[in-house]
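1. Predicted model, plus sequence, below.
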2 protein chains.
Amino acid sequence: MGQPLADDLGFLLSRASGLVVRATNTALAEHGLRVRQYSVLVLACESDDGSTQRELAAALGLDPSQVVLLVDELETGGLVERRPDPADRRTRLVVATAAGWRVREAAGAAADAAVETPLALLGEAERERLRDMLTRIWSAAAPG
Amino acid sequence: MGQPLADDLGFLLSRASGLVVRATNTALAEHGLRVRQYSVLVLACESDDGSTQRELAAALGLDPSQVVLLVDELETGGLVERRPDPADRRTRLVVATAAGWRVREAAGAAADAAVETPLALLGEAERERLRDMLTRIWSAAAPG
DNA sequence: TATTGTTATACTCTATAACTATA
DNA sequence: TATAGTTATAGAGTATAACAATA
């Protein structure tokens, strides 16, 4: 007869994800960002030499064509810039600007605070276990 | 300086959720469903007397106006029907038809199989812990 | 007055295909 | 011939506001 919907991990994942994404988007709004743009900005801040859009797409689980638009918006806002790659003229390295770093820090604090409400019932040890499981879900389906 | 994106639970949740939803949608396609319609159908099968659209919306975490369209599609496909509520003429009770039950069973088996790939690295005990944590995330933010 | 279902609208996200320039 | 980035488009998902019927 099938399991109840409340036991379906796919359903539970998407419902929890939607909740957290909504809360994060609300918090990011005052910084002019949404989660997708924010994710790109965070990744750009993580690499000193910049990341190719292909690398960003793989890390985010998005199609490269979507990354183009996200980087466009961040670039228009002056938060990242596209630098030519000296080694390969096809690729463009996405690097955070000084303004990007500042926004990333403020927006990150707001996002972390916003997510405390939905995560309130989870202790730090549990969150670490949750991170581990979600990472393994990703690695099982997106090897490499 | 902020945590790495790979440690951000919001990001990990949405990435894992997207992955599982994509796999499930692919599996449900041959049954003419997508996850949202499927979720409504499963809930309709769970209640003998039917659920109001308000109840469905609350359980799914959707706005009631979205449930209208999902039920419309299921009703057009003959999988559910809207029955008048004898106790309250405003409400309409959503009930699965016999065809709905059959589709729910076949689609559920396909969805369960499809999700085995991304969940392959999690044992049953871990899945139970994951269910518990995701349920608590929901209950922390959507009390009631 | 408040609630249920409904309609309408706009925006965001997702999926796909095709094109260009380089390798 | 393959890869990085880009453009374009259509469809699905999300968010809000307003309305009629009923409580």
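-> Yes, it's here.

2. residue contacts, the residue nearest in space to the middle of chain A?
-> Closest residue to the average C-alpha location of chain A: A:Ser39 at 2.9 Å, with CA atoms, centre = their mean. The contact partners of A:Ser39, taken as CB atoms under 8 Å, 6 or more residues apart in numbering or on different chains, are A:60, B:5, B:11. All C-beta atoms are positioned from the backbone trio N, CA, C, and that covers glycine.

3. again, only this time at 10 Å
-> A:33, A:56, A:59-62, A:70, B:5, B:8, B:10-11, B:14-15 (CB atoms under 10 Å, 6 or more residues apart in numbering or on different chains).

4. so does the helix or strand encompassing A:Gln37 get close to DNA strand D?
-> Assigned by DSSP states H and E, A:Gln37 belongs to helix A:35-46. No. Using CB under 7 Å from any atom of the strand, helix A:35-46 stays clear of DNA strand D, with a minimum separation of 10.5 Å.

5. Next, see if that helix gets close to DNA strand C.
-> Yes. Shown here: helix A:35-46 in contact with DNA strand C (CB under 7 Å from any atom of the strand) through A:35-36.

6. Show the average pLDDT along that helix.
-> Helix A:35-46 shows a mean pLDDT of 98.

7. returning to what we had before: in TSV: the contacts of A:Ser39, plus secondary structure.
-> Listed next are the contacts of A:Ser39 as TSV, based on DSSP: H, G, I helix; E, B strand; the rest coil:
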residue	secondary structure
A:Leu33	coil
A:Leu56	helix
A:Ala59	helix
A:Leu60	helix
A:Gly61	coil
A:Leu62	coil
A:Leu70	helix
B:Leu5	helix
B:Asp8	coil
B:Gly10	helix
B:Phe11	helix
B:Ser14	helix
B:Arg15	helix
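
8. out of those residues, what pair is the most spread apart?
-> Farthest-apart pair in those is A:Leu33 and A:Gly61; separation 18.6 Å (CB to CB).

9. quick one: which of those two has more around it?
-> Ranked by neighbour count (other CB atoms under 10 Å in any protein chain shown), A:Leu33 and A:Gly61 place A:Leu33 first, with 25 against 17.

10. The more buried one contacts A:Glu73, doesn't it?
-> Yes. A:Leu33 is within contact range of A:Glu73, at 9.0 Å (criterion: CB atoms under 10 Å).

11. okay, and the common contacts of those two?
-> Residues touching both A:Leu33 and A:Glu73 (CB under 10 Å, 6+ apart): A:40, A:79.

12. and stretch A:84-91, how far out from the chain's middle?
-> Centroid separation for stretch A:84-91 versus its chain: 25 Å, with CA atoms, centre = their mean, to the nearest Å.

13. Get me the contact residues on chain A for DNA strand C.
-> Contact residues (CB under 7 Å from any atom of the strand) of chain A with DNA strand C: A:25, A:34-36, A:62-63, A:65-66, A:88-90.

14. Output the below-cut-off pLDDT ranges for chain A.
-> For chain A, applying pLDDT under 70 flags the ranges A:1, A:143-144.

15. For it, give the residue positioned nearest to DNA strand D.
-> Nearest residue of chain A to DNA strand D, counting by CB to the nearest atom of the strand: A:Ser65, 2.8 Å away.

16. In which helix or strand does that residue reside?
-> Going by DSSP H and E, A:Ser65 is part of helix A:64-76.

17. Can you point out the buried residues in that helix?
-> For helix A:64-76, burial by neighbour count (16 or more other CB atoms under 10 Å in any protein chain shown) applies to A:67, A:70-71, A:73-74.

18. Contacting DNA strand D as well, which ones from those residues?
-> The residues of the buried residues of helix A:64-76 that also fall near DNA strand D, by CB under 7 Å from any atom of the strand, are A:Val71.

19. can you give me the helices for chain A?
-> Per DSSP state H, chain A carries helices over the ranges A:9-29, A:35-46, A:53-60, A:64-76, A:98-114, A:124-141.

20. now those helices as TSV including distance to B:Arg104?
-> Conversion of the helices of chain A to TSV gives the following (distance: least, CB to CB, whole Å):
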stretch	distance to B:Arg104
helix A:9-29	14
helix A:35-46	32
helix A:53-60	33
helix A:64-76	33
helix A:98-114	36
helix A:124-141	25
